[in-house]
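Novice: next one to model:
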Amino acid sequence: MSTPVSYDAGVAHQIGHYADAVRVPAGYDQIVVSGTPGLADNGTVSADMTGQATQAWRNVEKILAQAGAALSDIVLVRQWLIKPSDLPAYVAVRSKVLSHEPAFMLGVIPGLIRPDILVEIEVVAAVPSQGA
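Specialist: Numbering: from 1, shown residues only. Below is the predicted model:
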């Protein structure tokens, strides 16, 4: 095996478009991206989920690029929303951003660091090791 492999045990696909597990082979570096909200460069956030989710994924993509990775290298996504009613809008944005099937976790929690932040996204990406 030379690249990460997604596994389908029949559980995840009952809920959405993601893998039950992902195996990352030896020789890969992990890039762990902190919880990332949809903050614009000036610190503002959109008032709606679509705007915030779009910006959050742009931010994740920018962070990964700085670390030498791309959205297609993501093997794990943790998503935190504060309103269950925002789930359809969030999933619509995420579906446009990710075409492959990493492992996912999505939680709805009472709040995030600022009351105007509706979503945060954490990811782990795996890229072939560049050596030390």
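
Novice: just give me the longest helix of the chain.
Specialist: Secondary structure assigned by DSSP state H gives helix 49-66 as the longest helix of the chain.

Novice: please identify the buried residues of that helix?
Specialist: Residues 49-57, 59-61, 63-64 are the ones in helix 49-66 that count as buried (16 or more other Cβ atoms under 10 Å). Bear in mind the C-beta positions are built from the backbone N, C-alpha and C, glycine included.

Novice: I'd like to know the average pLDDT value across that helix.
Specialist: Averaged over helix 49-66, pLDDT sits at 98.

Novice: list the contacts of that helix.
Specialist: Residues from elsewhere that reach helix 49-66 (Cβ atoms under 8 Å, 6 or more residues apart in numbering): 31, 33, 36-40, 45-46, 70-71, 73-74, 81, 83, 86, 89-90, 92-94, 97, 117-121, 123, 125.

Novice: quick one: contacts for the closest residue to residue 12 other than its chain neighbours?
Specialist: Nearest non-adjacent residue to residue 12, counting by Cβ to Cβ, 6 or more residues apart in numbering: residue 20, 4.6 Å away. Contacts here follow Cβ under 8 Å, 6+ apart; on that basis residue 20 touches 7, 8, 9, 10, 11, 12, 103.

Novice: same check on residue 11?
Specialist: Contacts of residue 11 by Cβ under 8 Å, 6+ apart are residue 20.
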